[in-house]
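> This is the structure alone, sequence omitted:
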């Protein structure tokens with residue numbers, strides 16, 4: 001999943017991928033930083049563990065009560081930038097992912113234990129799905145009485161519509177796993193079907209709704225990860241009768257415990273209780289507070305100072321994708337009372353500098369830029385030990401198959417770049433003075449990082465042309481095939497613990513199109529064929545080994561993107577916030593658990 005550009009992003013999912021947050025931290029040399037690093041390593045191990053498949057019993061509501069929780073009050077949320085999308089089909093970044101936990105529901109979801117272990121369960125469905133035909137067929141039965149905010153009972157036609165609308169051209173930014181799986185090999189899903197507004201339904205041989213409560217998916221090949229894919233925000237239910245197509249972004253219909261009561265673009269979003277939400281059907285969510293007031297245009301510095309001061313509404317505040325600002329970390333970690341209202345965790349994202357391979361065709365130049373990356377300085381601008389660490393690979397430590405000792409660009413010995421080696425490569429390529437168009441987001445963190453990266457690239461002999469982009473439309477801009485940029489940073493994290501959610505979306509050359517996630521436009525025959533081969537491996541341990549080998553090939557033989565840093569999360573909440581915990585699902589505060597103490 002993408003992680004939004006402004007912070008760390010969701011971001012990434014990834015928010016990654018893919019939200020407005022500037023990762024924070026302190027110097028990696030102090031004791032508190034070491035402790036934070038140790039804690040996040042444990043979180044990384046938890047996130048790379050296999051997801052447990054739940055039962056029908058696990059899928060029943062209501063969700064277990066949070067100890068000490070009470071009802072009432074309005075939760076305050078501070079956010080740096082506006083949500084790029086509210087239409088769930090368009091959500092593929094971190095801040096929208098958090099909002100979706102409160103407003104939307106899908107066929108499946110995750111239940112998370114106290115240690116961060118995940119169980120995929122039925123949400124609107126009675127269970128996480130019944131698999132048959134060797135994994136090529138999945139059947140879902142809908143729970144009775146699940147309603148949207150208008151009182152409409154969700155039925156199989158709504159689920160069918162939710163999937164089919166994702167094929168329409170106005171959906172440009174959401175995940176595409178299920179669409180592509182349904183369309184099969186040899187074609188892109190856009191070519192296979194035009195969507196329900198321009199075409200008839202997908203054939204029953206692909207997506208079947210034999211009655212109001214049954215949905216059957218038919219795939220060309222086995223798809224054992226379907227329950228995890230369906231748990232993504234992008235596959236949340238969009239009721240057919242109230243779908244306003246492209247306008248749905250401005251007034252979506254809630255199925256979750258909260259609905260949007262007020263939306264002021266670029267300023268605020270207000271959530272209030274959805275009276276038609278029934279806790280008895282929901283295994284995950286609560287409706288403790290009366291609502292959420294989300295204020296936009298609060299950068300990390302502002303968020304941290306306001307919440308740390310703990311006065312007025314700030315006592316009731318949580319961060320969505322905000323982070324403790326780098327300048328405020330020492331104040332927080334040296335304040336025992338403040339530390340009790342923080343959460344920490346290892347996020348699944350890799351921040352990487354993508355090369356537009358349509359424009360930067362010489363691998364020597366790509367390698368030079370990779371060697372030149374001042375990774376240490378870049379991640380310290382976005383935090384320290386609490387905010388990130390130098391990345392040695394395009395795989396995150398939270399991804400099964402990650403290798404700590406795979407370090408093709410010698411990050412362990414030269415974490416802040418190897419300017420001398422980069423210079424030699426530029427000279428060998430005859431590229432001294434070459435213009436490089438570098439796009440970056442218009443947020444304080446990305447602006448600071450842009451200066452660091454520009455200085456490094458100019459030292460190796462490149463002429464850097466910086467282009468600043470509005471962070472609210474970051475992924476829309478860099479997601480265009482003809483984007484006009486040479487290099488640009490994105491953050492990507494696994495959508496569930498499998499490299500199958502990393503390599504296919506980022507490096508499958510058969511899926512290059514506007515809105516897709518192959519930001520480098522890599523199109524290599526070996527990579528494409530290996531992706532197809534590995535996706536057919538049913539044994540998770542064997543597939544992890546195969547993804548590891550493919551990661552090595554991509555990094556060494558092609559180098560479509562330079563890994564810069566892995567991200568961590570360090571957030572603070574107001575003293576009146578209860579139920580505060582880190583979520584391995586979202587990599588942020590678990591918004592489904594919070595309440596106000598008084």
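Right, received. Where do you want to start? Note that the structure is predicted; figures quoted are calculated from it, not measured.
> Run through the chain and note the low-pLDDT ranges.
Along the chain, segments meeting pLDDT under 70 span 1-49, 383-384.
> And the next helix or strand past the lengthiest strand in it?
Secondary structure of the chain per DSSP state E: the longest strand is strand 342-355. Going down the chain from strand 342-355, the next helix or strand is helix 363-372, by DSSP states H and E.
> Can you give the contact residues for that following helix?
By Cβ atoms under 8 Å, 6 or more residues apart in numbering, the surrounding residues in contact with helix 363-372 are 353, 355, 360, 409-410, 414, 417-419, 421-423, 425-426, 428-429, 431, 434, 436, 456-457, 459-460, 462, 487, 558-560, 562. Bear in mind the C-beta positions are built from the backbone N, C-alpha and C, glycine included.
> Quick one, which of the residues you listed are buried?
By neighbour count, with 16 or more other Cβ atoms under 10 Å, these hold 353, 355, 360, 409, 414, 417-419, 421-423, 425-426, 429, 431, 434, 436, 456-457, 460, 462, 487, 558-560, 562 as buried.
> From these, which land in strands?
Those of the buried ones among the contacts of helix 363-372 mapping onto strands are 353, 355, 436, 487, 562, per DSSP E.
> my guess is the first one contacts residue 560, does it?
Meaning residue 353. No - contact criterion Cβ atoms under 8 Å: residue 353 and residue 560 do not qualify, at 10.2 Å.
> For the nearest residue to residue 174 once chain neighbours are set aside, give me its contacts.
Here the nearest residue to residue 174 in space, its sequence neighbours aside, is residue 234; by Cβ to Cβ, 6 or more residues apart in numbering that works out to 3.7 Å. Contact analysis of residue 234 by Cβ under 8 Å, 6+ apart lists 88, 89, 90, 91, 92, 166, 174, 175.
> and residue 211, what are its phi and psi?
Dihedral pair for residue 211: phi -150, psi -180, per degrees, to the nearest 10.
> Look up which residues are beta-bridged to it.
Note on residue 211: beta-bridge partners residue 214, judged by DSSP bridges.
> That one and residue 559, how far apart?
Applying Cβ to Cβ, to the nearest Å, one obtains 52 Å for the distance of residue 211 from residue 559.
> could the contacts of residue 234 be laid out in JSON lines, adding distance to residue 536 and secondary structure?
Below are the contacts of residue 234 laid out as JSON lines (distance: Cβ to Cβ, whole Å; DSSP: H, G, I helix; E, B strand; the rest coil):
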{"residue": "88", "distance to residue 536": "30", "secondary structure": "helix"}
{"residue": "89", "distance to residue 536": "28", "secondary structure": "helix"}
{"residue": "90", "distance to residue 536": "30", "secondary structure": "helix"}
{"residue": "91", "distance to residue 536": "29", "secondary structure": "coil"}
{"residue": "92", "distance to residue 536": "25", "secondary structure": "coil"}
{"residue": "166", "distance to residue 536": "24", "secondary structure": "helix"}
{"residue": "174", "distance to residue 536": "25", "secondary structure": "coil"}
{"residue": "175", "distance to residue 536": "20", "secondary structure": "coil"}
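> Closest one of those to residue 120?
Proximity to residue 120 was ranked across the contacts of residue 234 by Cβ to Cβ; first place goes to residue 175, at 15.8 Å.
> What about residue 526, how many residues nearby?
Using other Cβ atoms under 10 Å, residue 526 is surrounded by 12 other residues.
> can you count the residues close to the closest residue to residue 224 other than its chain neighbours?
Using Cβ to Cβ, 6+ apart and skipping residues adjacent in sequence, the residue nearest residue 224 is residue 135, 5.1 Å away. Residues lying near residue 135 (other Cβ under 10 Å) number 15.
> list the helices and strands the helix or strand harbouring residue 445 packs on?
Assigned by DSSP H and E, residue 445 belongs to helix 444-459. Under the contact definition 3 or more Cβ pairs under 8 Å, 6 or more residues apart in numbering; DSSP states H and E, helix 444-459 sits against helix 300-309, helix 363-372, helix 375-381, helix 419-428, strand 435-441, strand 463-469.
> Can you list the strands that the last one pairs with?
Sheet partners assigned to strand 463-469 using DSSP bridges are listed as strand 435-441 (parallel).
> Show me which residues of the strand it pairs with are buried.
Of the residues in strand 435-441, those buried (16+ other Cβ under 10 Å) are 436, 437, 438, 439, 440, 441.
> same deal with stretch 449-465?
Residues of stretch 449-465 classed as buried: 449, 450, 452, 453, 454, 456, 457, 460, 461, 462, 464 (neighbour count, 16+ other Cβ under 10 Å).
> again with stretch 230-250
For stretch 230-250, by 16+ other Cβ under 10 Å, it's 230-240, 243, 248-249.
> Reformat these as CSV; add distance to residue 481.
CSV is the format used below for these (distance: Cβ to Cβ, whole Å):
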residue, distance to residue 481
230, 28
231, 29
232, 24
233, 25
234, 21
235, 25
236, 27
237, 31
238, 27
239, 33
240, 32
243, 28
248, 25
249, 23
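> And the nearest residue to residue 440 once chain neighbours are set aside, how far from residue 177?
Leaving aside its chain neighbours, residue 440 sits nearest to residue 450 (4.3 Å; criterion: Cβ to Cβ, 6+ apart). As for residue 450, its distance to residue 177 is 32 Å (criterion: Cβ to Cβ).
> cool, residue 416 as well?
From residue 416 to residue 177 the distance is 37 Å (Cβ to Cβ).
> who are the neighbours in contact with residue 315?
Counting by Cβ under 8 Å, 6+ apart, residue 315 makes contact with 574, 575, 576, 577.
> Tell me the secondary structure of it, please.
helix (DSSP: H, G, I helix; E, B strand; the rest coil).
> if I look at it, how far off is residue 596?
9 Å.
> what touches both of these two?
Taking Cβ under 8 Å, 6+ apart as the criterion, residue 315 and residue 596 both touch 576, 577.
> May I have the phi/psi pair for the residue nearest to residue 196 when sequence neighbours are not counted?
Spatial nearest neighbour of residue 196, chain neighbours left out: residue 164 (4.3 Å); criterion: Cβ to Cβ, 6+ apart. Backbone geometry at residue 164, expressed as degrees, to the nearest 10, gives phi -70, psi -30.
> one step back: for the longest strand of the chain, packing partners?
Under the contact rule (3+ Cβ pairs under 8 Å, 6+ apart), strand 342-355 is packed against strand 2-3, strand 14-15, helix 31-47, helix 363-372, strand 487-493, strand 561-572.
> Next SSE downstream of the longest one?
What it means is helix 31-47. Note on helix 31-47: by DSSP H and E, the next helix or strand toward the C-terminus is strand 52-53.
> C-terminal to that following strand, which secondary structure element comes first?
Later in the chain than strand 52-53, the nearest helix or strand by DSSP H and E is strand 74-79.
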